[in-house]
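# here is a sequence with its predicted model. Questions after.
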Amino acid sequence: MPSKSPDLTWNTEQIPPSVSSKLVAYTTALGLCDILKLRARGPNLRERIVRHARRPGWIGNSKPLEAISSLKTRLSSALHSESFIVNALEPATTAKDALDPTIRLANEIMSVELTSENAHIVHNFATIAFAISVMLKGYLEVPENLRLQTFGDTASLQTVLRRAAQYRRPLQLAVGHTILIAFADMMLSKDLLQYSDILLNTKRRGSDKPASIQRLELDTWDAVMSIVHGEVTPLQAYRTLMARWRQEKAIESLTEDESNFFAGDAIKAPRPPHLDHMFFTVLAEPLAPEVSLPKAALRHVHLVGTVSPTQYTLAIPAAPSANVGKENTSPVAPVAAVGAQELHVTVPARPAANAPLSRIPLQESTGSSSVGQRGAFASDEEERAVCANGAVRKRTGPPLASIGPRKSARLSTHQASASSSSAQHVSYAEPQGLPSHLNTVKAPRINLEGPVNRYRPEHPIRIEAWDAVRKRHEIELVFSTEEDNDTWGLIAAAELNCRVETDDGPLPLFMVGRGQKKAGRKSAFHLIPYSNSDKPDDAAQVQSLLRGRPVIVASGNKQLIVPWNFRSMESVSDAEKDVEIRDLSLAVPRDGLARVRSGTLRDMCYAGLLPLQNRRPLNAVNIPKHTSCGLPETPEDSGIRALHRTCDDHGCSKALPADSLRFGSVATTGAHELWQIAGHGFGTAIEVAIGRRLLVVATAKDERLSSSLNLWSDEDLNNAVLDLSRCHVETIVVQAGDKVIMQPNTAYASYTIDNTLCHGGYFLATSTLQRSIHGAIHAFFNPRSSASLEHHVFEQEMNSLAAFFYRTLVLGDARELDEGHIPDVSTLQGLEDLIRFACGIFTLTIIAPSTYMVTEDVALIRALEKAGVSLGEALDKYDISETSFENRRQAVINCGRITATLKHVFAKLTVQCGDRTLLDPWKDLFIPSLAWLLYALEDYHDRSTRSRQSTQNESNFLPSKEQFDRHIISAANRWPEVLKALSELKEQQNVVDSTDWTFPPNLHVSAKPLNAHVELQTRSEVYESGFSVLDTLYFYNRERYLKM
């Protein structure tokens, strides 16, 4: 060990990743040897180990560490998740067999990844055991070029080895931190590991763990080693461990301090220099007499409470900035100065046995004998600057009976000592992680303390608005930034310009009744009693109304209304589960995620109870409902009706994901949302249970432009830029007891007048399927424009509707409750609906992101590797993509069904122009409609490509032109007439302003005589007609390779 300290390690040029990665490999291997020794000789061996102190906080921002910050909560969640994981994995997991354990575990890893995204614990067990099984063969770490002498199938092994660095991480985390990290609610192999951070955090963790945690760790290591030796599968090991802890009540017996042992604030660079020093060490007790260290090491070794690391000197000003992370120190006398710019740091004495080090306040010693535990921010702007970098307080949960945010163990900002005037003492910390439930939230925790910034313009925005019962409301809009204020000022001015002059002054269009005819347009809002909107047999009326108006507001359901309290929060979701919350008081750029924080609905409830001057405008939207919440039929939701009618049909979905289609939202006063389009082709239904919200809707003055490619965004596809001069803008106040039903592809904004709580859901309505297709197309090319729903959910419902229309219109199996959900093809509108829908079905795969990704089918990957075909080659040559076999099969079958439906319906209709010229619906209506849609999609792709090049914004996925055009041509190749029409459009270079082809004017549709004979196709003929060129290529080659 050198006698002189090396340069600080926060500069990666000093210690390159190639060096730190090997250091991690060595320390992981040595640590694993120690663990194997402990297992062999028992925990008493720990008495001879040097006890390093648990030092507060963690270097960097480790999501796995955050996940176990409340160990009791995390392990309890793992205990309760057992039945769910078993149901998801038991049929698919690999049984114990005679394979080499390494190969068997590689198969397990691939199987779990393919079968369930939520079986994180089993996956972590498998990956940790896999790495150990390889190292026991004599390797320092998992190599990329491992070769085994075996007759087993090694396809999964080779897949794992191609990402060897990724599958080393779980063991590195388990050894460097704790094996209990395997219970984190995430796949450790997907964590972005910083090698220098794990080296430093291994020392911060220390070796002075409570006995209860030592026992849990040894139990878990025993379970992992039983997997390594092939005695049990990862799933069996997990279940056995849960059964043991359940019987011994090992988790229940953890104290609060033991549970919080791994809790700690994240400390980010720039840091006090000793934190970045590889040799800086703090011992929990003096070294035993028989333990000796090299002299060079002694200057870096310190006892808790006696640290004076004067050798760690920085050539920077001694006082760090307010947002610099601090090491835990206690107010002790400073050491003698060595240099004018020296930074003196002390470490506190060990607290009482029941006070974990992770709970000590963070602060920096400044030489004063009286240092405040936490200093106030100089301004609200400074606090937000710290928050923008992720600085928030650690939270621990209060009793459920109380309402309020989880309190920090540290003193609040207002309790900070003011005794030190030389510097501001600001504690810097990261959230303690997402306890047990939602690790997808990656934002810092919400900060509910301190003053709330308010922008105070010279002329505040005041809006006069009316609700569904025509009651007047005066609203003053208050914002935290000038940008938000100016944007809403434009909205208010545009709405005022769209009002209708009456004897009582200018009024919104929905307030003037018959005056709408005089205005030459209809209001965006249609008002009905709630009793007419909630029964399945109201479908025909609701569908008819929804076709003509973007928004239906049904008022008067007092049963919806609830008070603002914790119980009401629980009706939305688990109030202790972390969710995304947008803090609109932060003065940060609107475009981006800088305002996103994580918090709980308990935090939201507490924030809503604060006085208005201290109440932050918070918005927690799109909170997924639990998967068991159910999907009842409603008048507007044709997709659910179709699912219930076709779930037993060949090639149809058996169920839909309720957590994707049902949601809740909670917002406090002043929260707002700017222009967006509701949900990925879906319509949106919202029931307001608490409060009032100002809803603003923009509709195109030219109705044809509702499918425009450029109305809702500028040339750079920025949907926040809406040209209000081309729109009618209307407002309405929706309040507790109202239900809002909104068409797909509707541009809206909202402002929360009072604290609100809403329950909502997404739907597909037969009467608005054209708009659904428009919305799905916008969401593919510009995901910022709509709520984040997976495309496959939209695809599932569209396929269910195709099967439903085939069942009712072709097979004649229509029931009473189907009325309103079946297009009336005897009318021009109904026929147009069916044709537009069919065009959408044939383009579903074109606008599916999975179409352009390589396959994740494990069996297929093995077969392709065996044949020497790369995944990229399989995608390019055979269209073997990420889209699953089942989804591909459903798409083909339902393309066949919608083709059969069109031909059957066309055979029963007579279509004439105004001059009585007969038209062939197939040739004269469907073919040009599909050709134009394909042409418009190509144009949309070209515009998106130009936008990405001009803005250098590659955050949104976009396939290459070659990939995209191949699927366009495949869809056109279904019928020679479509291919010819598409070629002609390209030659003419028509300007594209809409995805919809314009039907000829003055069409007349009538039914042919009832005795007109239409021959039904056989099932095989129907299914065969659904294949495209790429479908044929895919199914043939998939079967060919799987049989090899």
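Perfect, thanks for sending it.
# per-residue pLDDT of Leu490, please?
Each residue has a pLDDT score; the one for Leu490 is 91.
# what about the residue nearest to Cys913 when sequence neighbours are not counted, distance to Thr917?
Closest residue to Cys913 apart from its sequence neighbours, by C-beta to C-beta, 6 or more residues apart in numbering: Pro1000 at 5.8 Å. From N, CA and C alone the C-beta is placed, and that goes for glycine too. Pro1000 sits 9 Å away from Thr917, going by C-beta to C-beta, to the nearest Å.
# more neighbours, the two?
Pro1000 (13 against 10; other C-beta atoms under 10 Å).
# how much space between that one and Tyr935?
As judged by C-beta to C-beta, Pro1000 and Tyr935 stand 18 Å apart.
# would you mark the buried spots in stretch 805-822?
805-810, 818, 820-822 (16 or more other C-beta atoms under 10 Å).
# what does stretch 461-470 rub up against?
Identification of contacts with stretch 461-470 by C-beta atoms under 8 Å, 6 or more residues apart in numbering yields 472-477, 485, 488-489, 492, 495, 507-508, 510-511, 525, 527, 553-556, 692, 694, 731-735, 738.
# 6 Å instead?
Around stretch 461-470, the neighbours that count as contacts under C-beta atoms under 6 Å, 6 or more residues apart in numbering are 472-477, 488-489, 492, 511, 527, 553, 555, 694, 731, 733, 735, 738.
# are any of those buried, and if so which?
Neighbour counting with 16+ other C-beta under 10 Å marks 473, 475, 477, 488-489, 492, 511, 527, 553, 555, 694, 731, 733, 735, 738 as buried within the contacts of stretch 461-470.
# now, which of the residues you listed lie within helices?
Members of the buried ones among the contacts of stretch 461-470 lying in helices (criterion: DSSP state H): 488-489, 492.
# closest one of the residues you listed to Asp100?
Trp488 (64.9 Å; C-beta to C-beta).
# beyond the lowest-mean-pLDDT helix or strand in the chain, next helix or strand please.
Taking mean pLDDT, DSSP states H and E as the measure, the helix or strand of the chain with the lowest value is helix 380-388, at a mean of 37. Remark: after helix 380-388, the chain's next helix or strand is strand 461-466, criterion DSSP states H and E.
# what mean pLDDT would you report for that following strand?
Summarised as a single mean, pLDDT over strand 461-466 is 94.
# for that strand, buried residues please.
By 16+ other C-beta under 10 Å, the buried positions in strand 461-466 come out as 461, 463-466.
# which regions of the stretch 351-500 of the chain sit below the pLDDT cut-off?
Counting by pLDDT under 70, the stretch 351-500 of the chain contains low-confidence ranges at 351-442.
# out of everything not next to it in sequence, what's closest to Glu795?
In space, and not counting its chain neighbours, Glu795 is closest to Leu844: 5.2 Å by C-beta to C-beta, 6+ apart.
# tell me the secondary structure at that neighbour.
coil (DSSP: H, G, I helix; E, B strand; the rest coil).
# next one, pLDDT for it please.
93.
# with Ala519 instead?
Listed pLDDT for Ala519 reads 70.
# which stretches of the stretch 151-300 of the chain form strands?
Secondary structure of the stretch 151-300 of the chain by DSSP state E, counting those that start in this stretch: the strands cover 266-267, 281-283.
# chain center to the shortest one, what's the gap?
The chain centre lies 24 Å from the centre of strand 266-267; the measure is C-alpha atoms, centre = their mean, to the nearest Å.
# direction included, what does it pair up with?
strand 58-59 (parallel) (DSSP bridges).
# for the record, mean pLDDT for the strand it pairs with?
Mean predicted confidence for strand 58-59 is 82.
# any idea how far that strand is from the middle of the chain?
Distance of strand 58-59 from its chain centroid, counting by C-alpha atoms, centre = their mean, is 26 Å.
# restrict whichever helix or strand comes after that strand to CA atoms and write it as CSV.
Where DSSP H and E defines the elements, the next helix or strand beyond strand 58-59 is helix 63-67. The C-alpha trace of helix 63-67 is given here as CSV (Å, rounded to 0.1, in the frame of the first residue of the first chain):
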residue,chain,number,x,y,z
LYS,A,63,-31.8,1.6,-7.2
PRO,A,64,-31.2,-1.9,-5.7
LEU,A,65,-29.9,-0.3,-2.4
GLU,A,66,-32.9,2.0,-2.4
ALA,A,67,-35.2,-0.9,-2.8
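# please point out which parts of helix 63-67 sit buried.
Those would be 63-67, for helix 63-67 by 16+ other C-beta under 10 Å.
# also stretch 455-462?
The neighbour-count check on stretch 455-462 (16+ other C-beta under 10 Å) flags Ile461 as buried.
# and if you look at stretch 884-899?
So stretch 884-899, judged by 16+ other C-beta under 10 Å, has buried residues 887-899.
# for Leu875, give me its contacts.
854, 881.
# can you check Arg499 too?
Contacts of Arg499 were listed using C-beta under 6 Å, 6+ apart, and they are 506-508.
# and for Val688?
Going by C-beta under 6 Å, 6+ apart, Val688 touches 734, 736, 738, 758.
# out of these, who's nearest Ser20?
Nearest to Ser20 out of the contacts of Val688 is Cys758 (C-beta to C-beta; 48.6 Å).
# partners of the helix or strand where the closest one lies, with directions?
Per DSSP H and E, Cys758 falls inside strand 756-763. With DSSP bridges as the test, strand 756-763 is paired with strand 662-667 (antiparallel), strand 683-690 (antiparallel).
# please compute how far the last one lies from its chain's middle.
Centre-to-centre, strand 683-690 and its host chain are 21 Å apart (C-alpha atoms, centre = their mean).
# output it as PDB, restricted to C-alpha atoms.
The C-alpha trace of strand 683-690 is given here as PDB (Å, rounded to 0.1, in the frame of the first residue of the first chain):
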ATOM      1  CA  GLY A 683     -60.900   7.300 -25.800                       C
ATOM      2  CA  THR A 684     -60.900   8.400 -22.100                       C
ATOM      3  CA  ALA A 685     -63.600   8.200 -19.500                       C
ATOM      4  CA  ILE A 686     -63.100   9.900 -16.200                       C
ATOM      5  CA  GLU A 687     -65.400  10.000 -13.100                       C
ATOM      6  CA  VAL A 688     -64.700  12.900 -10.800                       C
ATOM      7  CA  ALA A 689     -65.000  12.000  -7.100                       C
ATOM      8  CA  ILE A 690     -63.500  15.100  -5.500                       C
END
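# now it: buried residues?
Neighbour counts over strand 683-690 (16+ other C-beta under 10 Å) mark 683-690 as buried.
# over to stretch 989-1007?
For stretch 989-1007, a neighbour-count test (16+ other C-beta under 10 Å) marks 992-997, 999, 1003, 1005 as buried.
# inside strands: which ones of these?
Counted as lying in strands by DSSP state E, out of those, are Val1005.
# among the buried residues of stretch 989-1007, which pair sits farthest apart?
Using C-beta to C-beta, the pair of the buried residues of stretch 989-1007 lying farthest apart is Val992 and Val1005, separated by 27.5 Å.
# is it possible to get TSV of the strands paired with strand 756-763 that adds mean pLDDT?
Shown next, in TSV, are those (pLDDT from 0 to 100):
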stretch	mean pLDDT
strand 662-667	91
strand 683-690	92
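# got TSV for these, with distance to Tyr606 too?
Output for those, formatted as TSV (distance: least, C-beta to C-beta, whole Å):
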stretch	distance to Tyr606
strand 662-667	12
strand 683-690	15
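# before we move on, back to that, out of the buried residues of strand 461-466, which is nearest to Leu32?
Distances from Leu32 to these, taken by C-beta to C-beta, are shortest for Ile461, at 63.2 Å.
# residues touching the spatially closest residue to that closest one that is not a sequence neighbour, list them.
Nearest residue to Ile461 in three dimensions, chain neighbours excluded: Leu477, at 4.3 Å (C-beta to C-beta, 6+ apart). Residues near Leu477 by C-beta under 6 Å, 6+ apart: 461, 488, 751.
# list the buried residues of stretch 612-631.
The neighbour-count check on stretch 612-631 (16+ other C-beta under 10 Å) flags 615-625, 629, 631 as buried.
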